[in-house]
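1. Sequence and predicted structure are below.
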Amino acid sequence: MWKHLLSAYLDFSKKERRGITILCVVILLLAILPYLFPLFIKPPVVDYKVFEAEIASLEEADADSTERFYPKSYQRNDSKSYKTSFEKAEVVNLSGELFKFDPNTATEAEWSRLGLRTKTIATIIKYRSKGGRFYKPGDLKKIWGLHPDLAQRLVPFVQIGHSNADNVLLPPARKPEKPGLRGVDINLADTTAFIALPGIRSKLSQRIILFRTKLGGFYSVDQVAETFGLPDSTFQKIKPRLQLGVQPVNQLNVNTATLEELKAHPYLRYAVANAIVQYRTQHGAFSTVDDLENVMIFSAPQLSKAAPYLRTN
């Protein structure tokens, strides 16, 4: 019985055996065919000298375009270096004239006499023009671009408001309100207060508060205009009713904040946040907020806008 079954399934006719033989030969040829290609097809000859010449020209062009930004001490063949030449020593003028001054009213000439840089003076003037005020001598240290050593030197000479015998700090002056109109503190107002403004409905009020929360607070009334979906015409109508109180903004420590925390800020996002973390990893902690200028992707206008929300300690 078993022999009958085996013969029924394993016996082949002459025609079947010929077909199996041809099939095996075809399979064998297909298997060895890739190894025969080099015998018939010659690989193209690559002239590496042309490639090396192109690389040399690119490096020369790159050197010309970056020499004005990086000191010549930067070693191009140091693959571990991440533009260490960005680290620059800041020259601080500690020989300026010392005298009592009010940072809320001091002129550009007086700031210059105190030893401040032109760029820092412009920052202070702009801050005051946006409604910002100094309420205590220590507020001087929060000015972006003012070196901590110089700020510490000037703090003892700060006098806010009109000084008297006890050197009492006067409360900040407020603009008189029109009859029937009530100002809205943009850092403390809830949805109800914003809805009371002309042209502001429930969704817009929620968006303003959400934007304020993501920022960490407003430092300028004009920031409200950046709220998504708020028409400029509506903002111009409500702007006279908006007030900036004394509530400080929340600041991120750029030396300890995680990538997730940094990229969540509307003024940073992922690209800038990632560049900050990578630079911090390569070079260590930032000494001052000014050091963020070393991060190439962080433009000066962007840094100026985000600086009030950043700190290094």
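-> The structure has been received and is ready for your questions.
2. Please enumerate the helices of the protein.
-> In order along the chain, the chain carries the following helices (DSSP state H): 2-10, 14-40, 48-66, 108-114, 118-129, 148-154, 191-195, 202-215, 232-238, 259-263, 269-283, 300-306.
3. Ok, which of the ones you listed comes nearest V221?
-> helix 232-238 (9.4 Å; CB to CB). Placement of C-beta: from N, CA and C, glycine included.
4. list the buried ones in that closest one?
-> T234, F235, I238 (16 or more other CB atoms under 10 Å).
5. ok, now which ones touch the residue nearest to the first one when sequence neighbours are not counted?
-> I take that to be T234. Counting by CB to CB, 6 or more residues apart in numbering, G199 is the residue found nearest to T234 once chain neighbours are left out, at 3.9 Å. For G199, the residues meeting the contact criterion (CB atoms under 8 Å, 6 or more residues apart in numbering) are P231, S233, T234, K237, I238.
6. Out of the residues you listed, the closest to L28 would be?
-> P231 (77.4 Å).
7. residues touching the closest one, list them.
-> The neighbourhood of P231, defined by CB under 8 Å, 6+ apart, consists of G199.
8. And W144, by the same measure?
-> If you count contacts by CB under 8 Å, 6+ apart, W144 has them with T123, V289, D290, S304, A307, P308.
9. If we use 6 Å, what do you get?
-> If a contact means CB atoms under 6 Å, 6 or more residues apart in numbering, then W144 has T123, V289, A307 as its contacts.
10. what about the closest residue to F134 other than its chain neighbours, distance to N313?
-> On the basis of CB to CB, 6+ apart, the spatially nearest residue to F134 that is not a chain neighbour turns out to be P103, at 4.3 Å. From P103 over to N313 the distance is 22 Å, taken as CB to CB, to the nearest Å.
11. Of the two, which one has the most company?
-> For P103 versus N313, the count of surrounding residues by other CB atoms under 10 Å is larger for P103: 21 against 10.
12. I'd say the more buried one and R133 touch.
-> No - taking contact to mean CB atoms under 6 Å, the distance of 8.7 Å between P103 and R133 leaves them out of contact.
13. how close does the spatially closest residue to V155 that is not a sequence neighbour sit to A151?
-> Sequence neighbours aside, P137 is the residue nearest to V155 in space, at 4.7 Å (criterion: CB to CB, 6+ apart). Taking CB to CB as the measure, P137 falls 10 Å from A151.
14. Pull the number of nearby residues for I143.
-> Neighbour count of I143, defined by other CB under 10 Å: 21.
15. still on that earlier bit, pipe the contacts of G199 into TSV and attach pLDDT and distance to T213 per row.
-> As requested, those are exported to TSV (pLDDT from 0 to 100; distance: CB to CB, whole Å):
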residue	pLDDT	distance to T213
P231	93	22
S233	93	25
T234	93	21
K237	93	24
I238	94	19
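16. got CSV for those, with distance to K119 too?
-> CSV is the format used below for the contacts of G199 (distance: CB to CB, whole Å):
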residue, distance to K119
P231, 34
S233, 35
T234, 35
K237, 35
I238, 33
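17. Can you tell me which of those lies closest to G96?
-> For the contacts of G199, the closest approach to G96 (CB to CB) belongs to I238, at 42.0 Å.
18. right, and that closest one touches L197 too?
-> Yes - applying CB under 6 Å, one finds I238 in contact with L197, separated by 4.4 Å.
19. circling back: could I get the helices of the chain as a markdown table with distance to N294?
-> Formatted as a markdown table, the helices of the chain follow (distance: least, CB to CB, whole Å):
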| stretch | distance to N294 |
| --- | --- |
| helix 2-10 | 80 |
| helix 14-40 | 53 |
| helix 48-66 | 14 |
| helix 108-114 | 26 |
| helix 118-129 | 16 |
| helix 148-154 | 18 |
| helix 191-195 | 39 |
| helix 202-215 | 24 |
| helix 232-238 | 35 |
| helix 259-263 | 16 |
| helix 269-283 | 7 |
| helix 300-306 | 10 |
